[in-house]
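A.B. asks: Below are the sequence and a predicted model; questions follow.
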Amino acid sequence: NSKVIQTPRYLVKGQGQKAKMRCIPEKGHPVVFWYQQNKNNEFKFLINFQNQEVLQQIDMTEKRFSAECPSNSPCSLEIQSSEAGDSALYLCASSLDSDYTFGSGTRLLVI
Amino acid sequence: QQKVQQSPESLSVPEGGMASLNCTSSDRNFQYFWWYRQHSGEGPKALMSIFSDGDKKEGRFTAHLNKASLHVSLHIRDSQPSDSALYFCAARGSNNRIFFGDGTQLVVKP
């Protein structure tokens, strides 16, 4: 069982709706990542945090996504207005030094 | 430009055989590498990390790193049907960000 907990497992949204997913990182891991894995299994980095602060994010994330990692609460990633192309597996990972642990993902389907 | 290239895209080996997966980085800043395995419907699970030149062996799995050529390989001996999965090579870049290859689909036939 993964030490990174992602909820929900599956998410179905209509185009234009908000889609929110959550992640509880592994205890003691200060860095949290979000990746999008598409149907071709390609990974796209979205954003990462270190102790609640954003380290790096891509342009798409900055414009269309809302993400946060508050202390003592789950991290979250929210798509403000879902598009069909957002259908993918969203993976959260946390890390400490060279240890990177991934969750099981939230599979988003936008219809 | 893809920073981590994997080959082959897919690989089929008989049960008990040897599976060899390859990965090359195009960025000399990448010094730390991992192999991840992903079964259908799950997130990727770390198999092995390798940070130094040479071989690293863990059970049936052996990873090899050549920093000069930025080449990493994974060899699975005595392959089992349960080894059938997607295998990803990953390298660490700036801001601790992990860059993934496109994956190798391994099928081990009983």
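C.D. replies: Arrived safely, thanks for sending.
A.B. asks: rest of the way, CA atoms for contacts and neighbours
C.D. replies: Noted.
A.B. asks: With adjacent residues omitted, what lies nearest to residue 75?
C.D. replies: Answering for chain A, as no chain was given. Leaving aside its sequence neighbours, A:Cys75 sits nearest to A:Cys69 (CA to CA, 6 or more residues apart in numbering or on different chains; 4.1 Å).
A.B. asks: my bad, chain B
C.D. replies: B:His75 sits nearest to B:Ser20 (CA to CA, 6+ apart), 4.5 Å away.
A.B. asks: now swap in B:Ala85 and tell me
C.D. replies: B:Ala85 sits nearest to B:His39 (CA to CA, 6+ apart), 5.0 Å away.
A.B. asks: I'd like to know which elements the helix or strand of chain B with the lowest mean pLDDT is packed against.
C.D. replies: Least confident helix or strand of chain B, by mean pLDDT, DSSP states H and E, is strand B:98-100 with a mean of 93. Packing contacts for strand B:98-100, counted by 3 or more CA pairs under 8 Å, 6 or more residues apart in numbering or on different chains; DSSP states H and E, involve strand B:85-92.
A.B. asks: which residues are contacting whichever helix or strand comes after the least confident helix or strand of chain B?
C.D. replies: Moving toward the C-terminus from strand B:98-100, the next helix or strand (DSSP states H and E) is strand B:104-109. Here strand B:104-109 makes contact (CA atoms under 8 Å, 6 or more residues apart in numbering or on different chains) with B:6-15, B:21, B:79-88.
A.B. asks: Okay, the spatially closest residue to A:Ile111 that is not a sequence neighbour and A:Val110: tell me how far apart.
C.D. replies: Spatial nearest neighbour of A:Ile111, chain neighbours left out: A:Gly14 (4.9 Å); criterion: CA to CA, 6+ apart. Between A:Gly14 and A:Val110 the computed distance is 5 Å (CA to CA, to the nearest Å).
A.B. asks: The two: who's more crowded?
C.D. replies: Between A:Gly14 and A:Val110, A:Val110 has the larger neighbour count (other CA atoms under 10 Å in any protein chain shown), namely 19 against 14.
A.B. asks: Buried residues, the helix or strand of chain A with the lowest mean pLDDT. List them.
C.D. replies: In chain A, no helix or strand scores lower on mean pLDDT, DSSP H and E than helix A:59-64, which sits at a mean of 85. Within helix A:59-64, the residues scored as buried using 16 or more other CA atoms under 10 Å in any protein chain shown are A:Thr61.
A.B. asks: Can you pull the phi and psi angles for the residue nearest the centre of chain A?
C.D. replies: The centre of chain A sits closest to A:Trp34, judged by CA atoms, centre = their mean, with a distance of 3.7 Å. Main-chain dihedrals, A:Trp34, degrees, to the nearest 10: phi -120, psi 130.
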